[in-house]
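Enquirer: Sequence isn't available, so here's the structure alone:
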């Protein structure tokens with residue numbers, strides 16, 4: 001598995017979950033994304049600089065994911081006949097482009113993802129709270145700036161490779177309509193699972209174990 005983590009995460013997330021995959025025989029590798037962890041800028045950024053950096057991070061991560069696959073091909077202990085991408089939140093949205101542009105992936109797990117970025121920005125539960133004028137401007141700018149990496153543009157290109165979508169019923173960041181648009185645009189074969197929680201709210205250890213268990217069960221149907 002190649003992990004693409006979410007917007008506010010770093011590689012510590014991989015440390016927290018890796019054991020669940022390894023004990024079932026699955027290797028999982030992640031890269032520290034531009035602007036996160038050890039690659040975090042030393043100087044504080046303005047909101048606009050942060051937005052531009054996030055756009056750069058998206059494009060750079062997609063390119064670097066291909067380099068990760070190059071590296072894995074040099075490792076004799078890795079089964080390159082069963083290589084899957086695992087994207088979480090923002091990573092699930094970047095995952096559409098990463099999977100479409102890298103044919104060596106055999107499929108993907110897209111957790112907490114969605115498509116239609118303008119709608120995601122304008123209709124998520126946080127946006128419905130009273131926003132200051134500059135926040136509204138940044139939200140509109142983000143929707144425009146991220147059009148080139150719109151997940152809906154690439155998701156259909158992944159078929160006939162299989163996809164597992166995992167989504168939260170009460171997601172406060174990704175509206176359900178955006179999740180459904182993402183899933184509907186994808187080609188077959190595909191499967192979607194829903195969980196009784198929010199993007200972060202309601203997640204507990206028991207539910208996390210269930211989510212990972214569902215991923216591993218899905219992988220086993222493909223890898224034997």
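Expert: Perfect, thanks for sending it. Given the structure is predicted, the values throughout are model-derived calculations rather than measurements. Numbering: from 1, shown residues only.
Enquirer: in the top helix by length along the chain, what counts as buried?
Expert: With secondary structure taken from DSSP state H, the chain has its longest helix at helix 47-72. Within helix 47-72, the residues scored as buried using 16 or more other Cβ atoms under 10 Å are 51, 53-54, 57-58, 61-62, 65, 68-69, 72. Any C-beta I mention is one placed from the backbone N, CA and C, and that applies to glycine too.
Enquirer: can you list those in CSV and add pLDDT?
Expert: Putting the buried residues of helix 47-72 into CSV (pLDDT from 0 to 100) gives the following:
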residue, pLDDT
51, 71
53, 76
54, 78
57, 85
58, 88
61, 93
62, 92
65, 96
68, 96
69, 97
72, 97
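Enquirer: Just flag the most distant two among those.
Expert: For the buried residues of helix 47-72, the farthest-apart pair by Cβ to Cβ is 51 and 72; their separation is 32.0 Å.
Enquirer: okay, now residue 223: neighbour count?
Expert: Neighbourhood size, residue 223 [other Cβ atoms under 10 Å]: 14.
Enquirer: and it, what does it touch?
Expert: With contact set as Cβ atoms under 8 Å, 6 or more residues apart in numbering, residue 223 has these partners: 79, 82.
Enquirer: Tell me how far it lies from residue 106.
Expert: Counting by Cβ to Cβ, to the nearest Å, the gap from residue 223 to residue 106 is 9 Å.
Enquirer: what does residue 118 give?
Expert: When residue 118 is compared with residue 106 (using Cβ to Cβ), they lie 32 Å apart.
Enquirer: quick check: mean pLDDT across stretch 21-31?
Expert: Averaging pLDDT along stretch 21-31 gives 94.
Enquirer: what packs against the helix or strand hosting residue 122?
Expert: When elements are assigned from DSSP states H and E, residue 122 belongs to helix 117-123. Packing contacts for helix 117-123, counted by 3 or more Cβ pairs under 8 Å, 6 or more residues apart in numbering; DSSP states H and E, involve helix 133-145, helix 176-185.
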